[in-house]
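# Below is the structure, and that's it, no one-letter string:
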């Protein structure tokens, strides 16, 4: 029996493969971006209450009503236009489904979508699976800033959309007002759709404030905003995301989601209401904790000889290993990451997995640091031993 041609266009996830390798070798997993601590107690209690309270069957396909109402309230404030919970909000099985739904609802086979690299490794296969051509626009290390000319040069008559992830995985960049203005001008000039991945919108450093691109006047009617609960509330395994789509696109989004997954898990959606009702003190403490984790991670990487980019948001850093005083520093990123996992006991992701552009990412690895301080301290101790092995 033959397999579909699309399967030959991409391989299995490198990130998830590194997690499996970490488990096999008892390495500290700083590869896949999930916390090693639990969600807030109030949210866990809300989930068990929902299960015992009978919220165990299908909900309305585009989302548990109370959750959609809460999201509509929040995003009316964030986006600056009246978000209707019954029209504009769709609750999805994670941000990954949200981005797939956004593409499927708006793009046709043969259309092109611009993907800024380094990019989460899901983005390109998602486009290919529905017959859309991903067009890569690489950012240059170590600053990873958007380049207006390079972005403009990537646009062709077949370009229909641009995918923007901010705060950015894997670099930790928060694209600033000048960079967002570049995106806005090009999207407006070429009549493009903007799909945003804003799952890290609550994890910011050094007093930065997230501004949703869809709140900007020129982008309001041409932006699908995608967000999720997994990162800010330490519940990546719950697979809960959401989309806010303007009226012109909302019906198409509902239809695709309806037939793709029917609905996200009902009791977990009910518990997500409790997450959105957490007090501001929760976010203030989370911000303090992530500053501490970031500072610890950067210190350990510097001591080990990496040259790493200081995250502005999210919980990742891209670390260059080419200047380390090690024979392994001359290896390619995949070989180095696997050695780091199997021999040093700390798992990271090869930088090349975030690029389709040849020549990029081959001297770097991505570290994720949403971990307990004790976990990061042990990782730092293991990294420090590289030079004495």
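Nice, I can see it. Because the structure is a prediction, the values reported are computed rather than measured.

# which stretches of the chain form helices?
Applying DSSP state H to the chain gives helices spanning 14-24, 41-52, 65-79, 94-106, 123-129, 148-153, 177-189, 247-261, 266-276, 280-304, 333-339, 373-384.

# Serialize these to TSV and add fields for distance to residue 34.
C-betas here are computed from N, CA, C, even on glycine. Converted to TSV, the helices of the chain look like this (distance: least, CB to CB, whole Å):
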stretch	distance to residue 34
helix 14-24	9
helix 41-52	16
helix 65-79	22
helix 94-106	12
helix 123-129	19
helix 148-153	31
helix 177-189	28
helix 247-261	21
helix 266-276	16
helix 280-304	14
helix 333-339	18
helix 373-384	12
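
# Identify whichever of those helices lies nearest to residue 241.
When these are ranked by proximity to residue 241, the top entry is helix 94-106, at 4.2 Å, counting by CB to CB.

# remind me which residues of this structure are low pLDDT?
For the chain, residues meeting the criterion pLDDT under 70 lie at 388-389.

# Okay, domains of it per the record?
Following automatic domain parsing, the chain resolves into domains at 5-32+281-388, 41-276.

# In CSV, list the helices of the chain along with mean neighbour count and distance to residue 233.
Written out in CSV, the entries for the helices of the chain read as follows (neighbours: other CB atoms under 10 Å; distance: least, CB to CB, whole Å):
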stretch, mean neighbour count, distance to residue 233
helix 14-24, 17, 20
helix 41-52, 16, 6
helix 65-79, 19, 13
helix 94-106, 24, 13
helix 123-129, 20, 23
helix 148-153, 13, 33
helix 177-189, 16, 26
helix 247-261, 16, 21
helix 266-276, 23, 5
helix 280-304, 15, 9
helix 333-339, 20, 29
helix 373-384, 17, 19
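
# among these, which is nearest residue 312?
Judging the helices of the chain by CB to CB, what sits closest to residue 312 is helix 280-304, at 9.8 Å.

# Remind me what that closest one packs against, helices and strands.
strand 307-308, strand 316-320, helix 373-384 (3 or more CB pairs under 8 Å, 6 or more residues apart in numbering; DSSP states H and E).

# Swap in 10 Å and give it another go.
Helix 280-304 makes packing contacts with strand 307-308, strand 316-320, strand 364-368, helix 373-384 when contacts are defined by 3 or more CB pairs under 10 Å, 6 or more residues apart in numbering; DSSP states H and E.

# What is the burial count for residue 38?
Neighbour count of residue 38, defined by other CB atoms under 10 Å: 11.

# rewinding a little: format the helices and strands packed on helix 280-304 as a markdown table; extra columns: distance to residue 70.
Formatted as a markdown table, the entries for these read as follows, by distance: least, CB to CB, whole Å:
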| stretch | distance to residue 70 |
| --- | --- |
| strand 307-308 | 37 |
| strand 316-320 | 28 |
| strand 364-368 | 28 |
| helix 373-384 | 32 |
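
# and residue 169, which of those is closest to it?
Put simply, out of these the one that sits nearest residue 169 is strand 316-320, at 5.6 Å, with distance taken as CB to CB.

# Tell me which of the helices and strands packed on helix 280-304 lies nearest to residue 93.
Distances from residue 93 to each of the helices and strands packed on helix 280-304 were compared using CB to CB; the minimum, 21.6 Å, belongs to strand 364-368.

# what's the angle between the closest one and strand 316-320?
Angle between the axes of strand 364-368 and strand 316-320 is 150 degrees (criterion: axes from the mean of the first three to the mean of the last three CA atoms, to 10 degrees).

# Residue 286: which of the helices and strands packed on helix 280-304 is closest?
When the helices and strands packed on helix 280-304 are ranked by distance to residue 286, counting by CB to CB, first place goes to helix 373-384 at 14.1 Å.
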